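S.K.: okay, sequence plus prediction incoming.
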Amino acid sequence: MACRISELVIEAADPDRLAAFWSEVLGYVELGREDDGSIEIGPPDVGFGGPQPILILSPNSEPRAGKVRLHIDVNATDRDQDAELERLLALGARPADVGQTGTESWHVLADPEGNEFCLLHTRLKSL
């Protein structure tokens with residue numbers, strides 16, 4: 001038996017803002033809120049335990065020190081990479097420089113709180 005990723009936790013200065021951003025990026029909905037201010041988002045009509053991990057946006061007011069050692073990669077499901085890049089930028093993502101050469105097939109972006117993520121080239125089928 002093996003494990004699988006069921007949820008990812010992202011510490012956020014403003015969990016509401018990041019929950020709204022990532023919900024739009026991934027087509028997720030709010031699944032719940034905890035007393036500590038954490039917000040859970042995930043696929044509609046599936047929630048926890050489905051084929052995709054849920055995200056938990058957990059409040060943390062401490063400044064981030066250094067580069068995040070784990071990042072999220074996303075792929076478009078219903079448009080090409082250029083169109084998806086435009087959509088993500090309109091949602092509040094911004095280009096990020098992590099030392100890439102400019103010849104990569106992916107785009108490095110940052111969410112509204114500066115967490116880096118990559119938009120990959122290959123279009124995937126939606127689940």
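M.R.: Received the coordinates, thanks. Numbers count the residues shown, from 1 in each chain.
S.K.: ranges for the helices of this structure?
M.R.: Assigned by DSSP state H, the chain shows helices spanning 15-26, 81-91.
S.K.: in JSON lines: the ones you listed, plus distance to residue 38, mean pLDDT and mean neighbour count.
M.R.: To be clear about C-beta, it is placed using only N, CA and C from the backbone, and glycine gets the same treatment. JSON lines is the format used below for the helices of the chain (distance: least, CB to CB, whole Å; pLDDT from 0 to 100; neighbours: other CB atoms under 10 Å):
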{"stretch": "helix 15-26", "distance to residue 38": "7", "mean pLDDT": "97", "mean neighbour count": "19"}
{"stretch": "helix 81-91", "distance to residue 38": "22", "mean pLDDT": "96", "mean neighbour count": "15"}
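S.K.: of all the ones you listed, which one is nearest residue 113?
M.R.: helix 15-26 (6.0 Å; CB to CB).
S.K.: next, the angle helix 81-91 makes with the closest one.
M.R.: 160 degrees (axes from the mean of the first three to the mean of the last three CA atoms, to 10 degrees).
S.K.: kindly export helix 15-26 (C-alpha atoms) in CSV.
M.R.: Extracted in CSV, the C-alpha atoms of helix 15-26 (Å, rounded to 0.1, in the frame of the first residue of the first chain):
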residue,chain,number,x,y,z
PRO,A,15,-5.9,33.2,3.8
ASP,A,16,-9.1,34.7,2.3
ARG,A,17,-7.1,36.4,-0.5
LEU,A,18,-5.1,33.3,-1.3
ALA,A,19,-8.1,31.0,-1.1
ALA,A,20,-9.9,33.2,-3.6
PHE,A,21,-6.9,33.2,-5.9
TRP,A,22,-6.2,29.5,-5.8
SER,A,23,-9.9,28.7,-6.1
GLU,A,24,-10.0,30.7,-9.4
VAL,A,25,-6.8,29.1,-10.7
LEU,A,26,-7.8,25.5,-9.9
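S.K.: closest to the centroid, which residue in this protein?
M.R.: residue 22 (5.1 Å; CA atoms, centre = their mean).
S.K.: how close does that residue get to residue 77?
M.R.: As for residue 22, its distance to residue 77 is 15 Å (criterion: CB to CB, to the nearest Å).
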